[in-house]
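[1] what follows is a protein structure lacking sequence information:
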């Protein structure tokens, strides 16, 4: 291959660029959402799907110069319907799926005969188990795990020397999982979670928070920060400024570790935010970002390899050569031992970026982003081994 100058333009001389078209499926398992105390933040009807659509548009922008086309097929499965059967039908048309579904559904889809040799992306399930003993070699993860988010938050608290912690957690499975991740992170960073309480109120906190929360938090003992675990976004908003002791709140309110937020503006993020807002008419959320990153990762792999073969693309995604510009200040890449997308974790309030983990001083022998979540030496995932 050689470079040629022709009529003032730089031209790459070599084999002709192959034309290819990559169909991508976006599969959403719609869930019955239980009632919560406040409806101020409804879940967008196109959560995730809007991010995938923007990723397709971005891929097309590059692909038009290379003869590469991209198409998106979005399928939403209503509650009670068979999402695994829907996935099997989609896999007859494409070998690439981005999926918004709970962990059990993801595993059932990944184990389908039709999914063998395919590339699947988990855009919403934070379960650490999916990156550990329940991992699948055809299942990548662009949403951060609960362990990554917990490590990011406690890294920041350790950095600030706020090491005495108390915790309130909800009773639901997702709350239990994130609380477990916070306990693990506390041990990892040499911190202690002292008194813990489980949230059990069913009263209307919109009226009673000022009376109930101080009494509920009175027995938490002295602490630097109160961790609040509320993955359903139900009660956490009523905790700040109502606690018995005047302390910062972190976790599901106050300082929150996320994949993405509207307050992320550095590193060119404002440009991504603007394009998403123009297309979707709302702010980008974490699941939108994860879906966008999945589609863009495929596009980057196709661009670099010139191939639409799943095995070729999978090998490239897991290689040291793969990098994705993710508007987070560092190039993103996939962990070769469990398919998790390495990425910085913004720590945000509702109106500002507080910090972004990994923070200075938390070192790693290979990649500082591997201080967040399950690192290779402790991983129990074996499905990505050659």
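    Arrived safely, thanks for sending. Note that this is a predicted model, so its numbers are computed, not measured.

[2] so, low pLDDT: which residues of the stretch 101-250 of the chain?
    202-209 (pLDDT under 70).

[3] in it, mark out all the helices, start to finish.
    Ranges of helices within the stretch 101-250 of the chain are 103-110, 146-159, 173-188, 205-216, based on DSSP state H, counting those that start in this stretch.

[4] okay, and the beta partners of residue 119?
    Here residue 119 sits in beta bridges with residue 96, as judged by DSSP bridges.

[5] any idea how far it is from residue 153?
    According to CB to CB, to the nearest Å, residue 119 stands 31 Å off from residue 153. Where C-beta positions appear, they are placed from N, C-alpha and C, glycine not excepted.

[6] for burial, what's the neighbour tally of residue 242?
    Residues lying near residue 242 (other CB atoms under 10 Å) number 17.

[7] repeat for residue 278
    By other CB under 10 Å, 9 other residues sit near residue 278.

[8] what helix or strand is it on?
    Taking DSSP states H and E as the criterion, residue 278 maps to helix 269-280.

[9] how far is the helix or strand just after that helix from where the chain is centred?
    As assigned by DSSP H and E, the chain's next helix or strand after helix 269-280 is helix 286-305. Distance, stretch centre to chain centre, for helix 286-305: 13 Å (CA atoms, centre = their mean, to the nearest Å).

[10] next helix or strand past helix 286-305?
    Scanning forward in sequence from helix 286-305 by DSSP H and E, the next helix or strand is helix 310-317.

[11] so which elements touch that next one?
    With contacts defined as 3 or more CB pairs under 8 Å, 6 or more residues apart in numbering; DSSP states H and E, the packing partners of helix 310-317 are strand 119-122, helix 286-305.

[12] residue 345 is nearest to which of the helices of the stretch 101-250 of the chain?
    helix 146-159 (3.6 Å; CB to CB).

[13] show me what the closest one is packed against.
    Contact partners of helix 146-159 among helices and strands, from 3+ CB pairs under 8 Å, 6+ apart: helix 173-188, strand 249-251, strand 256-257, strand 345-348, strand 353-357.

[14] out of these, nearest to residue 331?
    The closest of the helices and strands packed on helix 146-159 to residue 331 is strand 353-357. By CB to CB, the value is 14.5 Å.

[15] wait, doesn't residue 298 sit right on residue 24?
    Yes: between residue 298 and residue 24 there is a contact at 6.5 Å, judged by CB atoms under 8 Å.

[16] where do the contact lists of these two overlap?
    Listed as contacting both residue 298 and residue 24 by CB atoms under 8 Å, 6 or more residues apart in numbering are residue 96.

[17] thinking again about what came up before, quick one, which of the helices and strands packed on helix 146-159 is nearest to residue 49?
    Taking CB to CB, helix 173-188 is the member of the helices and strands packed on helix 146-159 nearest to residue 49, at 21.5 Å.

[18] can you give me the buried ones in the closest one?
    Buried residues in helix 173-188, defined by neighbour count with 16 or more other CB atoms under 10 Å: 174-175, 177-186, 188.

[19] same question for stretch 69-88.
    Buried, per 16+ other CB under 10 Å, within stretch 69-88: 70, 72, 74, 75, 76, 77, 83, 84, 86, 87.

[20] what pairs with the third one across the strands?
    I take that to be residue 74. Going by DSSP bridges, residue 74 is paired in beta bridges with residue 26.

[21] which residues sit in contact with it?
    Counting by CB under 8 Å, 6+ apart, the residues that residue 74 touches are 25, 26, 28, 49, 52, 53.

[22] do you know how far residue 288 is from residue 303?
    22 Å.

[23] what's the neighbour count on residue 382?
    By other CB under 10 Å, the residues close to residue 382 number 11.

[24] next, residue 341: phi, psi?
    phi -70, psi 120 (degrees, to the nearest 10).

[25] distance of the nearest residue to it once chain neighbours are set aside from residue 52?
    Excluding the flanking residues, the one nearest residue 341 by CB to CB, 6 or more residues apart in numbering is residue 142, at 4.7 Å. Per CB to CB, residue 142 is found 11 Å from residue 52.

[26] which element follows the host helix or strand of residue 28 toward the C-terminus?
    For residue 28, the enclosing helix or strand under DSSP H and E is strand 20-29. Next helix or strand after strand 20-29 toward the C-terminus (DSSP H and E): helix 49-63.
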